[in-house]
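K.L.:
Using only what follows, build the 3D model:
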Amino acid sequence: MGIVDCSADIRANGREYTVRAATLPRSGEDGQRVEIALTDRDPAGVATECGSFTLHADNLAAVGKLINQVLSGLSTLSGRSAATPANASAPWTKEQDDELFTRWTAAGDTHSSTALRRILAEQFGRTTGSIRARLLRIGCDPDAPGHAFVPVPGAS
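P.N.:
Numbers count the residues shown, from 1 in each chain. Next up, the predicted model:
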């Protein structure tokens with residue numbers, strides 16, 4: 001596998017979650033190991049919950065599938081479908097609107113509009129339809145990344 005150190009973030013219900021995976025040095029005959037860490041940050045950015053565990057690299061896919069099954073089951077039991085984005089139906093904040101505007105107008109032609117809406121939907125924990133509707137509401141052209149119907153701050 002080589003040396004890997006990656007992370008991903010998602011916002012859900014006013015909280016930010018980060019998962020970080022990093023390979024560890026080999027130890028004897030154990031083979032490659034990966035440490036997985038999860039951090040939960042409250043709206044003020046303070047880490048409130050965190051934990052980590054180590055897995056053999058050969059078992060990542062199997063354990064990932066197991067974790068997905070358990071969390072999907074718990075989500076269903078709590079009344080939230082696994083297919084429902086974390087922030088579905090949650091109100092948008094001014095900060096989220098500003099961040100969406102900034103990301104959309106800064107994107108330029110790096111992605112198609114459909115691909116960028118999909119990326120933003122995942123990052124914001126929303127549906128692609130919600131992202132499209134919100135882009136219109138905040139003055140962005142949802143069919144043209146990098147374009148807004150209102151002047152972009154700092155643009156001449």
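K.L.:
C-alpha from now on. contacts and neighbour counts both.
P.N.:
Noted.
K.L.:
Roughly how far does the spatially closest residue to I36 that is not a sequence neighbour sit from S7?
P.N.:
Among residues not flanking I36 along the chain, A21 sits closest, at 4.6 Å (Cα to Cα, 6 or more residues apart in numbering). Distance, A21 to S7, using Cα to Cα, to the nearest Å: 6 Å.
K.L.:
Give me the more crowded residue out of these two.
P.N.:
A21 (18 against 12; other Cα atoms under 10 Å).
K.L.:
In terms of helix, strand or coil, where does that one fall?
P.N.:
Secondary structure for A21, judged by DSSP: H, G, I helix; E, B strand; the rest coil, is strand.
K.L.:
how about it, what does it touch?
P.N.:
Residues in contact with A21 (Cα atoms under 8 Å, 6 or more residues apart in numbering) are 4-7, 34-37.
K.L.:
Would you mind listing the buried residues in stretch 77-90?
P.N.:
85-87 (16 or more other Cα atoms under 10 Å).
K.L.:
need those in JSON lines with secondary structure, can you?
P.N.:
Output for the buried residues of stretch 77-90, formatted as JSON lines (three-state DSSP):
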{"residue": "P85", "secondary structure": "coil"}
{"residue": "A86", "secondary structure": "coil"}
{"residue": "N87", "secondary structure": "coil"}
